[in-house]
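Chemist: Okay, here's the prediction I keep looking at, along with the sequence it came from:
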4 protein chains.
Amino acid sequence: MMKIFRVVKRGYYISYAILENNMVIRLDEDPVKALIRYSENKEVLGDKVVGLDYESLLKNFKVNDVRITKPLDPLEVWGSGISYEMARERYSEENVARILGKTIYETVYDAVRPEIFFKATSNRCVGHGEAIAVRSDSEWTLPEPELAVVLDSNGKILGYTIMDDVSARDLEAENPLYLPQSKIYAGCCAFGPFIVTPDEVKNPYNLDIKLRILREGKVFYEGSVNTSKMRRKIEEQIEYLIRDNPIPDGTILTTGTAIVPGRDKGLKHGDIVEISISNLGTLITPVIKLERKK
Amino acid sequence: MMKIFRVVKRGYYISYAILENNMVIRLDEDPVKALIRYSENKEVLGDKVVGLDYESLLKNFKVNDVRITKPLDPLEVWGSGISYEMARERYSEENVARILGKTIYETVYDAVRPEIFFKATSNRCVGHGEAIAVRSDSEWTLPEPELAVVLDSNGKILGYTIMDDVSARDLEAENPLYLPQSKIYAGCCAFGPFIVTPDEVKNPYNLDIKLRILREGKVFYEGSVNTSKMRRKIEEQIEYLIRDNPIPDGTILTTGTAIVPGRDKGLKHGDIVEISISNLGTLITPVIKLERKK
Amino acid sequence: MMKIFRVVKRGYYISYAILENNMVIRLDEDPVKALIRYSENKEVLGDKVVGLDYESLLKNFKVNDVRITKPLDPLEVWGSGISYEMARERYSEENVARILGKTIYETVYDAVRPEIFFKATSNRCVGHGEAIAVRSDSEWTLPEPELAVVLDSNGKILGYTIMDDVSARDLEAENPLYLPQSKIYAGCCAFGPFIVTPDEVKNPYNLDIKLRILREGKVFYEGSVNTSKMRRKIEEQIEYLIRDNPIPDGTILTTGTAIVPGRDKGLKHGDIVEISISNLGTLITPVIKLERKK
Amino acid sequence: MMKIFRVVKRGYYISYAILENNMVIRLDEDPVKALIRYSENKEVLGDKVVGLDYESLLKNFKVNDVRITKPLDPLEVWGSGISYEMARERYSEENVARILGKTIYETVYDAVRPEIFFKATSNRCVGHGEAIAVRSDSEWTLPEPELAVVLDSNGKILGYTIMDDVSARDLEAENPLYLPQSKIYAGCCAFGPFIVTPDEVKNPYNLDIKLRILREGKVFYEGSVNTSKMRRKIEEQIEYLIRDNPIPDGTILTTGTAIVPGRDKGLKHGDIVEISISNLGTLITPVIKLERKK
């Protein structure tokens, strides 16, 4: 049982793990290496620290000398989509592309091969308390609260985390060929606050995912789903991700959303997005609207 | 006027530039930095070398102690698509996804916003003489011979090169949501043999692109196009690529294909692909078929 | 008040500081940088750790997974000599080089300019529990228990430590031109276990230095001195060290010995040397005799 | 036959080798690695360059965009002394330290064990055209023109070079315990312009060493010696250098001087020192007088 998190302190990144009985250790090595060691049943070494009030850091995430950040720096973040029936349906309400009468989402939902897409590089991702973004040219951007897995280069699951696969839904809806533009941009992705090892998650198919969007301090949207509704299993997604496709250790795969706020629920500058998943904690991020550089 | 190339020699990467009158210099610095200096009208420093028979290296590209390789290591390679009318039409012959009756390719061709997609990271790319790949699960993979640009982080064009945006066309045709899988995998991308500075290319909209596929030593397919047929201009593609999307110096953008061999022209293990573009040379790559790891 | 020490754990070096009330923190940065910050009255940041039984590490210093080592890696270690009257006399008993009738030690003791010599590079130094060495060609090697200072590049004192300036006294006695051979070799220098900040040392001229040599478990030699007997002050030594001579941050200067066991007290393979200095702890090192490579 | 030199160009260090028939190549790797490869009879790879006017660089060594510098960066420079009879005598004229009636120089000259001393680290050394220094507190500093060898970590001779072991003779004469202060300081050491491989030197014991000091454009001092006069052989010096003393690849050992200008020939700010050795070229360095920082 291990939860990894990381802080940035006077420019230094420092990684910690929470072990059983809430014991906190400061890791002796890179978080990805620690996850790999843990997955090999080797002892993860580090110092037991006290007085590190990470719960307060989780709450008071305004930028200061010491603050929580991304628990690791993934070279690659990938996504999978339409893994839940709700996604199939919700996306299909819209006037989207169709193949022989069925929407592309219905088609992929029923097909053997899942949707797999390149989502982000580390510099486009943020952590707990850091701002996700709405593209300057999007009028309708939604959070996509998802269960994500951290993988080694063989596709083995090293840990779980909460991911917000922020998406410019208007771009995507206009044409599936705009999917990369709707998905990949500065601030398109948040994950954290922890990476949690598989033994602590136990059954990934029985986790509650909850989304709240706060506007001016009030709940503007609320939704939830249980991962038991996931039809496209994670192993299957991983199988296609790594097929003929070499990924580095620490790659993150996010497994698709089933909470899809409507057209009138697009994010605005100043909103706060809160995503909770059972055993994984709560990921809170403010929202900014990007401005076009002139 | 400068053409940059790179060799790998006893494990060391060494970068060269060909200047006017075929003078070859060994660059004093990283090729991307040299391109940036050149773009700022600063002198590119390096030693004049003689006896480096790069023409012979271009011809005899079998793996040995000294061989040509990728002229640089791009952190990110992006693509644009349907920038030529031929692409619009050819792709639309197929039974592809449609939006309100028009294919997604026709739709994007007529739209203001271009298609922009993430194509590759450096480790998935090969250089002149190195093998491109057909996915283990694709029966119909085609080369896409394209003019590509090397950009700085502001989107300024530092140079031009030949790109082969190898694509698993069967995956893409099945569902546009499979586009990343058809585009991104080990050996999905070849570029080189040179990066050529803009003053040597002069008019990028009047270049001949020629493709030949050789099978068992004979020409199996041949096609050509002139970049004057490009409708979606490069500047426009760049504008959308960098909108809200930070890219690193040395990013490559490939500008779309107009040569689309048919269903019966899919690449096979052992084929040779040759792509020539006026002023940019000829990029030759053998083809391998990936095997599924068991 | 800060004492810095360092352990090596699974190949990783980890630095700690002991603050007031025995609070142990794991340093966020390099120990030299931490010392510099401390000297500038800036807060030294690090995590409060518990359960790190450094007292047990100090006692059980056999090589294992986690053990104490040199508290930092000095690029340069310098020495000063004949700073105590005892040294002047003791050295002068021998049949050593003379200038106009006075021994070179008497001469330097009375002169304005101190003796300053290059002592070691980090790879020739060991830490607490690690082995110091007797040269293969020395029959009379002695420990020289000394107070040492850690300096920044301006000569400012960042901290104090115990130093054993191990010396092949027979080589030195034979000819002063052999001094570098008597002083510089593999295992010629031990320091630690801590670097202690000046405020904790208070008066460097009132510290007890104690030396014990243990042979086969018994005390073979014992001696002590108080630094109040130091005639050549540390500031004076530093002034000459840095005169026209650029030193890097973290350079160590050892300030000379006043405990000089006799001809019959030379170190042997298997001996244990223990040096204690008030406020600085105890540095314990086994002794090995080097063998000539054939 | 190989001569290595290095230039600094826009902040980049670039290493070259001159092979037979004056062919110049730009080395593919670090000069020390190239010397090691050469010593193992492996081919040293590099590009043949033309138009690199190193003879002009040797002559016009004023600081500019491209200039000659130290041919490599030794982590450690060591010296040996009193290896020539002239040194024994000349040094002994002075009122120096004596052991049982004989000067320490006479004593070491007649002894089995040579004098070996730590001379410098790379940052205290300069190359061709760069300034050597006179200490602020020395009134009598002399150049010591010497044959030096570049060693691998086993003491194998990789190459030869000219070394100027600049020494504050007044400090040394005052007391042998001041030797390190007379020998080690900023600008105490010049070497170059080349490292020359052993096959090109052939017999190191038949080389002419010439020294000229120029003052205000005129020859102020001139002297010469042939290395046939060296009594303490290089192999013997190396044997003692590496005895129990680990040295890094690329360490330089300078083998002692036999040209000793007198008391009235001390270097002054503005002087030029020229040292030539058969087959090794000419090392020219201006002289500066250091000023005491207040």
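Modeler: Sure thing, it's come through.
Chemist: count of residues packed around the residue nearest to A:Glu172 when sequence neighbours are not counted?
Modeler: Nearest non-adjacent residue to A:Glu172, counting by Cβ to Cβ, 6 or more residues apart in numbering or on different chains: A:Ser182, 4.0 Å away. For every residue, glycine as well, the C-beta is placed using N, CA and C. Residues contacting A:Ser182 under the criterion other Cβ atoms under 10 Å in any protein chain shown number 23.
Chemist: Likewise for the one 5 residues further on?
Modeler: Neighbours of A:Gly187 under the rule other Cβ under 10 Å: 21.
Chemist: just the one 4 residues further on next, same as before
Modeler: The criterion is other Cβ under 10 Å. On that basis, A:Phe191 has 29 neighbouring residues.
Chemist: For D:Leu52, see how far away the residue of chain A positioned farthest from its centre is.
Modeler: If you look at how far each residue of chain A sits from its centre, by Cα atoms, centre = their mean, the farthest one is A:Leu100, at 32.9 Å. The spacing between A:Leu100 and D:Leu52, counted by Cβ to Cβ, to the nearest Å, is 68 Å.
Chemist: Check A:Leu147 too.
Modeler: 61 Å.
Chemist: More neighbours: these two, which one.
Modeler: Each of A:Leu147 and D:Leu52 has its neighbours counted (other Cβ under 10 Å); A:Leu147 has more, 26 against 20.
Chemist: wait, isn't the more buried one in contact with A:Thr255?
Modeler: Yes. Judged on Cβ atoms under 8 Å, A:Leu147 makes contact with A:Thr255 at a distance of 5.2 Å.
Chemist: what touches both of the two?
Modeler: The contact sets of A:Leu147 and A:Thr255 overlap at A:Met230, A:Ile234 (Cβ atoms under 8 Å, 6 or more residues apart in numbering or on different chains).
Chemist: got a list of what A:Asp152 touches?
Modeler: Counting by Cβ under 8 Å, 6+ apart, A:Asp152 touches A:Leu35, A:Ile36, A:Ser39, A:Leu158, A:Asp249, A:Gly250.
Chemist: do A:Ser182 as well
Modeler: Contacts of A:Ser182 by Cβ under 8 Å, 6+ apart are A:Ser138, A:Ser167, A:Ala168, A:Arg169, A:Asp170, A:Leu171, A:Glu172.
Chemist: what's the answer for A:Asp208, then?
Modeler: Contacts of A:Asp208 by Cβ under 8 Å, 6+ apart are A:Ser224, A:Val225, A:Asn226, A:Ser276, A:Ile277, A:Ser278.
Chemist: Pull up the gap between it and A:Ser276, please.
Modeler: Distance from A:Asp208 to A:Ser276, by Cβ to Cβ: 8 Å.
Chemist: name the element the residue most central in space within chain A belongs to?
Modeler: By Cα atoms, centre = their mean, chain A has its centre lying nearest to A:Met163, at 1.1 Å. In the assignment (DSSP states H and E), A:Met163 maps to strand A:157-165.
Chemist: Now stretch A:179-196: average pLDDT?
Modeler: Stretch A:179-196 shows a mean pLDDT of 98.
Chemist: In PDB, could you pull the C-alpha coordinates for that stretch?
Modeler: Taking C-alpha atoms only, stretch A:179-196 is exported to PDB below (Å, rounded to 0.1, in the frame of the first residue of the first chain):
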ATOM      1  CA  LEU A 179      -9.600  15.600 -32.000                       C
ATOM      2  CA  PRO A 180      -5.900  16.300 -31.400                       C
ATOM      3  CA  GLN A 181      -6.600  20.100 -31.300                       C
ATOM      4  CA  SER A 182      -9.400  19.500 -28.800                       C
ATOM      5  CA  LYS A 183      -7.200  17.300 -26.700                       C
ATOM      6  CA  ILE A 184      -3.600  18.600 -26.800                       C
ATOM      7  CA  TYR A 185      -2.700  22.100 -25.700                       C
ATOM      8  CA  ALA A 186      -1.200  23.900 -22.700                       C
ATOM      9  CA  GLY A 187      -3.100  22.900 -19.600                       C
ATOM     10  CA  CYS A 188      -5.100  20.200 -21.200                       C
ATOM     11  CA  CYS A 189      -4.500  17.700 -18.600                       C
ATOM     12  CA  ALA A 190      -4.400  17.400 -14.800                       C
ATOM     13  CA  PHE A 191      -3.500  14.400 -12.700                       C
ATOM     14  CA  GLY A 192      -2.900  13.500  -9.100                       C
ATOM     15  CA  PRO A 193      -2.800  14.400  -6.300                       C
ATOM     16  CA  PHE A 194      -1.300  10.800  -5.800                       C
ATOM     17  CA  ILE A 195      -0.200   7.800  -7.600                       C
ATOM     18  CA  VAL A 196      -1.700   4.900  -5.700                       C
END
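Chemist: Having no further points to raise, I will conclude here.
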